[in-house]
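A.B. asks: okay, here's the prediction I keep looking at, along with the sequence it came from:
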Amino acid sequence: MALKLNDFDPARYLDDDEAICDYLEAILEEDDAGLLAAALGDIAKARGMSEIARESGISREALYKVLRADAQPRFDTIRSVLGALGLKITIHPVHH
């Protein structure tokens, strides 16, 4: 009998601001724009895609298209989605 595994869905675990921030920080360390887009999609799914669409001013359909691993969203799209999520990007010096 074959073992059936379910797909991992990170959105199930993104249930508070701290979990979301930790997730995004880990994603940003990978320095991969597609991974960031997919992670924002996971967070939007966890928060409710319709609500994020309304708050960001981007249609649900467009969000599904730009928040995928193979997408390359523009910075203004990322900024709008982050704003709708109640998040912002901050810059810190890198200490070697």
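C.D. replies: Alright, I've got the coordinates.
A.B. asks: nearest residue to the middle of this protein?
C.D. replies: Most central residue of the chain, judged by C-alpha distance to the mean C-alpha position with CA atoms, centre = their mean, is residue 40 at 1.0 Å.
A.B. asks: dihedrals phi and psi, it?
C.D. replies: Summarising the backbone geometry of residue 40 under the convention degrees, to the nearest 10, its torsions are phi -60, psi -30.
A.B. asks: ok, it touching residue 78?
C.D. replies: Yes. Contact criterion CB atoms under 8 Å: residue 40 and residue 78 qualify, at 6.9 Å. For every residue, glycine as well, the C-beta is placed using N, CA and C.
A.B. asks: tell me the pLDDT at residue 72?
C.D. replies: Residue 72 is assigned 89 on the pLDDT scale.
A.B. asks: so where does it fall, helix or strand?
C.D. replies: Secondary-structure assignment from DSSP states H and E places residue 72 in no helical or strand segment.
A.B. asks: wait, what's in contact with it?
C.D. replies: 33, 34, 37 (CB atoms under 8 Å, 6 or more residues apart in numbering).
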